[in-house]
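S.K.: Below is the sequence, then the predicted model.
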Amino acid sequence: MAARGRCPECGSAALVEDAHYAQQQLVCAACGCVLAEGLLTTTYSEEEHLREVAYSQSTGQKEQLSRCLQRGIRRVQDLCKVLQLPAAFEETAVSYFQRALQLPAFHLVSLEKKELLGGCCVFVTCRQRNWPLTMGTVCSLLYAKQDLFASVFLSLQKELGLSVPALSLADLVTTHLNSFRLFQPAADVPAPFLEDKEKLLARTLGIVELASETWLVTGRHPVPVVTAAAFLAWQSLRPGPRLSCPLARFCRLAGVDLPPPAHLRLKELLEILLGMASQLSWLRGFTLDKKTVVRHIGDLLQHRVFLLKNAFSQQDGEEQHDTAPGQGSPSSPPVAQDKGCPSAGKRQRGGTLRPLLPPCLIHPRKRLRPAAPSAPDSARTGDEPISDSEIEQYLRSPEEIRAFRKAKAW
């Protein structure tokens, strides 16, 4: 629509009103000079209170946050679709993302952290609804570093005040085994190495529960424990062609990474199994080692409670060492006389098996030294005189105060 007047720059009368960002501005059609600009609101609160500022004075922050919010919402929605999450999960994750972007703590962070913020919202939503999702899965989908993702996750949890429950060990086992490639025929997987998913999951859960009862999980990263337990479960279900397969090849065939501590967790689990096998009467005629004991994991898990009670105790090692062979406790059979089982011979020579204690107590890395008493403390004997002001601190009733004052005056 043409307007009256002339342009002060070129003198043209071709002035029009142009709607820029839904605001009417008076612009010269000949040279483009803006004669009068509309008024914009910077935030929703200012718009509610009818506070307007000129467009030239606007910071444009609302517009930038809007673009960032739109990209973030699309990223959250795409991640939910890849993970095949229900629609309610997606709505909750989007709401968390919108709330987070309104906080000043996430305004000046790097672009990489803003991209990870959407993944953290999805991760929090799944944890709150007991959906088995690990941090490593989200990081692999976002091509992100776990330490950076963890820092954004902790910031989100602190700023929004969210309560995020820890993932149970059983859910972690289920999630970890779902990524295995040993359940469907493949060109690079031999036929004897294929296994039924439900059988492997049930056996792995039993071994992980055994590891939890023997303090092998406490204070440690759970993935190496689950990897070692899955390897033993896979071997025990068909030990013939699988005993010769090492842990590294198993992880390579399953399509999962081999965490470095998995070899140590495997060694500790085998020691536990050997100690339990020494208590089974029908296994005393066999020569068991770390390979042959895998064949009997099914029997060991079936009688797990009884075998743990007899094979591992918290008694003093010297008392068991002084006990003569064949004169053990009434609840445990005289396995020390058996010479066929290496674990039994080891118990006879060493005096005791590994006790049911956390590894940090069995092999402590640092020994706590008692603090040396200070000079004033060591000089105190308890016979020092008590001052009057200190005595008044111990007096409670008015009768005691009056009696003390009367005795002091006398």
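M.R.: Great, that's in hand. Numbers count the residues shown, from 1 in each chain.

S.K.: any chance you could map the strands in the chain?
M.R.: 2-3, 15-20, 23-28, 34-36, 39-40, 53-54 (DSSP state E).

S.K.: Compare those strands and say which comes out lowest on pLDDT.
M.R.: Confidence, taken as mean pLDDT, is least for strand 2-3 of these (a mean of 42).

S.K.: Just give me how far stretch 134-142 sits from the chain centre.
M.R.: 12 Å (C-alpha atoms, centre = their mean, to the nearest Å).

S.K.: And that stretch, what's buried?
M.R.: Within stretch 134-142, the residues scored as buried using 16 or more other C-beta atoms under 10 Å are 134-135, 137-139, 142. Backbone N, C-alpha and C define where each C-beta goes, glycine included.

S.K.: starting at the chain centroid, how far to the longest helix seen in the chain?
M.R.: Across the chain, the longest stretch assigned as helix under DSSP state H is helix 61-83. The chain centre lies 26 Å from the centre of helix 61-83; the measure is C-alpha atoms, centre = their mean.

S.K.: quick one: contacts of it?
M.R.: For helix 61-83, the external contacting residues (C-beta atoms under 8 Å, 6 or more residues apart in numbering) are 42-43, 89-90, 93-94, 97-98, 101, 107, 114-115, 117-119, 121-122, 126, 133, 138, 141-142.

S.K.: Using PDB, list the CA coordinates for it.
M.R.: C-alpha atoms of helix 61-83 as PDB (Å, rounded to 0.1, in the frame of the first residue of the first chain):
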ATOM      1  CA  GLN A  61      17.800 -14.000  20.800                       C
ATOM      2  CA  LYS A  62      14.200 -15.200  20.700                       C
ATOM      3  CA  GLU A  63      14.500 -16.000  17.000                       C
ATOM      4  CA  GLN A  64      17.800 -17.900  17.500                       C
ATOM      5  CA  LEU A  65      16.400 -19.900  20.300                       C
ATOM      6  CA  SER A  66      13.400 -20.800  18.200                       C
ATOM      7  CA  ARG A  67      15.600 -22.200  15.500                       C
ATOM      8  CA  CYS A  68      17.600 -24.100  18.000                       C
ATOM      9  CA  LEU A  69      14.500 -25.400  19.600                       C
ATOM     10  CA  GLN A  70      13.100 -26.600  16.300                       C
ATOM     11  CA  ARG A  71      16.200 -28.400  15.400                       C
ATOM     12  CA  GLY A  72      16.400 -30.000  18.800                       C
ATOM     13  CA  ILE A  73      12.900 -31.200  18.800                       C
ATOM     14  CA  ARG A  74      13.400 -32.800  15.400                       C
ATOM     15  CA  ARG A  75      16.600 -34.500  16.700                       C
ATOM     16  CA  VAL A  76      14.700 -35.800  19.700                       C
ATOM     17  CA  GLN A  77      11.800 -37.100  17.500                       C
ATOM     18  CA  ASP A  78      14.200 -38.800  15.100                       C
ATOM     19  CA  LEU A  79      16.100 -40.500  18.000                       C
ATOM     20  CA  CYS A  80      12.800 -41.800  19.400                       C
ATOM     21  CA  LYS A  81      11.900 -43.200  16.000                       C
ATOM     22  CA  VAL A  82      15.200 -45.000  15.700                       C
ATOM     23  CA  LEU A  83      14.800 -46.500  19.100                       C
END
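
S.K.: What are the buried residues along that helix?
M.R.: So helix 61-83, judged by 16+ other C-beta under 10 Å, has buried residues 68, 72-73, 75-77, 79-80, 83.

S.K.: Can you read off the pLDDT for residue 362?
M.R.: pLDDT, residue 362: 70.

S.K.: Would you mind measuring from it to residue 278?
M.R.: 19 Å (C-beta to C-beta, to the nearest Å).

S.K.: Between these two, point out the one with more neighbours.
M.R.: Neighbour count, other C-beta atoms under 10 Å: between residue 362 and residue 278, residue 278 has more, with 26 against 11.

S.K.: The more buried one against residue 311, yeah?
M.R.: Yes. At 6.2 Å, residue 278 counts as touching residue 311 under the criterion of C-beta atoms under 8 Å.

S.K.: on that earlier part again, in helices, which of the buried residues of stretch 134-142 fall?
M.R.: 135, 137-139, 142.

S.K.: Throw those residues into TSV and include distance to residue 30 and pLDDT, thanks.
M.R.: TSV is the format used below for those (distance: C-beta to C-beta, whole Å; pLDDT from 0 to 100):
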residue	distance to residue 30	pLDDT
135	61	83
137	60	83
138	56	89
139	57	89
142	51	89
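
S.K.: one step back: what's the closest of the buried residues of stretch 134-142 to residue 177?
M.R.: Distance to residue 177 across those (C-beta to C-beta) is lowest for residue 134, with 12.2 Å.

S.K.: Name the nearest residue to residue 96, sequence neighbours excluded.
M.R.: Using C-beta to C-beta, 6 or more residues apart in numbering and skipping the chain neighbours, the partner closest in space to residue 96 is residue 121 (4.0 Å).

S.K.: For residue 78, see how far away that neighbour is.
M.R.: Counting by C-beta to C-beta, the gap from residue 121 to residue 78 is 13 Å.

S.K.: ok, now residue 117?
M.R.: For residue 117 relative to residue 78 (C-beta to C-beta), the value is 14 Å.

S.K.: try residue 89
M.R.: Note on residue 89: its distance to residue 78, by C-beta to C-beta, is 13 Å.

S.K.: Much appreciated, bye for now.
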